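J.: Pasting a predicted model and its sequence here:
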Amino acid sequence: MKQLYLSKLRDKDTLLSEFRHAAQQLSYLLAAEISSSMKLEQKIIETPLGKASGATLREEPILIPILRAGLAMLFPFLEIFSDAKVGFFGMRRNEKSFLPEVYYENIPSLSPKNSVMILDPMIATAGSSIEAIKRLLQKNIPLSKISLVGIIAAQTGIDRLKKEFPSISIHVAATDPELNAQKFIVPGLGDFGDRFFGSY
């Protein structure tokens, strides 16, 4: 199913409503995959008729979309992680330097029990992702508790992330081979935010 939704996202002729649906369904599948690998804590629960063994997440998830494109992934992730707290990093790309500029930050209080997921659909140069990770590390969240989730990543961005943070956990639906001169992923899908929000 991931390939079907990814194909719909890549297609330049996909309608706005179809693009949004595919993005949200693909995000839901990514969230479900991640949830299946999270550690559980066993507990005894009371049913209306007796006791049964059950489980709860060992770590409390926090979702941090990178604005604006990351908002597209937020609500599908909340379908899976319904009790997750939500924080935000607002970043825009400087079109001359291609470096991220942070214009907004609102992160809930963090503790060692948290597992933080950064939501960033397109990981191109990985500049925004790296900036977000550095800011979380400054808040004393260990790298082992941070994961990065995207839809498409450029191999360049993955390599840069692994060089800077060798143990970082990365979940993406696809990895594309290169960036163009404007630092967009090729073949990619164009500007994700513009296509999702209809601002083109």
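T.: Arrived safely.
J.: can you point me to the longest helix in the protein?
T.: helix 16-36 (DSSP state H).
J.: So which bits of that one are buried?
T.: Buried residues in helix 16-36, defined by neighbour count with 16 or more other Cβ atoms under 10 Å: 19-20, 22-31, 34. Yep, even glycine has a C-beta here, placed from its N, CA and C like the rest.
J.: Equivalent analysis for stretch 130-145, please.
T.: Within stretch 130-145, the residues scored as buried using 16+ other Cβ under 10 Å are I130, E131, A132, I133, L136, I141, K145.
J.: Centre of the chain to the host helix or strand of the fifth one, how far?
T.: Read that as L136. Secondary structure from DSSP states H and E places L136 in helix 127-137. On the basis of Cα atoms, centre = their mean, to the nearest Å, helix 127-137 sits 13 Å off its chain's mean C-alpha point.
J.: Same question for stretch 72-91.
T.: The answer for stretch 72-91 is 9 Å, by Cα atoms, centre = their mean.
J.: what about stretch 116-136, how long is it end to end?
T.: Terminal residues of stretch 116-136 lie 9 Å apart, using Cα to Cα, to the nearest Å.
J.: same thing with stretch 58-76?
T.: End-to-end for stretch 58-76, by Cα to Cα: 21 Å.
J.: In that stretch, which residues are buried?
T.: 59-74, 76.
J.: Does anything pack onto the following helix or strand past the helix holding L136? Which helices or strands?
T.: Note on helix 127-137: by DSSP H and E, the next helix or strand toward the C-terminus is strand 146-154. For strand 146-154, the elements it packs on are helix 2-10, helix 16-36, helix 71-80, strand 114-119, strand 122-123, helix 127-137, strand 169-176, strand 185-186, judged by 3 or more Cβ pairs under 8 Å, 6 or more residues apart in numbering; DSSP states H and E.
J.: Check which strands are paired with the last one and give the direction for each one.
T.: Looking at strand 185-186 with DSSP bridges, its paired strands and their directions are strand 178-179 (antiparallel).
J.: what is the mean pLDDT for the strand it pairs with?
T.: For strand 178-179, the mean per-residue pLDDT is 92.
J.: Ok, stretch 4-12 next?
T.: 95.
J.: CA atoms only for it, dumped as CSV, please.
T.: Presented in CSV, the C-alpha positions along stretch 4-12 are these (Å, rounded to 0.1, in the frame of the first residue of the first chain):
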residue,chain,number,x,y,z
LEU,A,4,0.5,3.0,-4.2
TYR,A,5,0.2,6.1,-2.0
LEU,A,6,3.7,7.2,-2.8
SER,A,7,3.0,6.9,-6.5
LYS,A,8,-0.1,9.1,-6.1
LEU,A,9,2.1,11.7,-4.3
ARG,A,10,4.8,11.7,-7.0
ASP,A,11,2.4,12.1,-9.9
LYS,A,12,2.3,15.7,-11.0
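J.: Return the set of buried residues in it.
T.: For stretch 4-12, by 16+ other Cβ under 10 Å, it's Y5, L6, K8, L9, R10.
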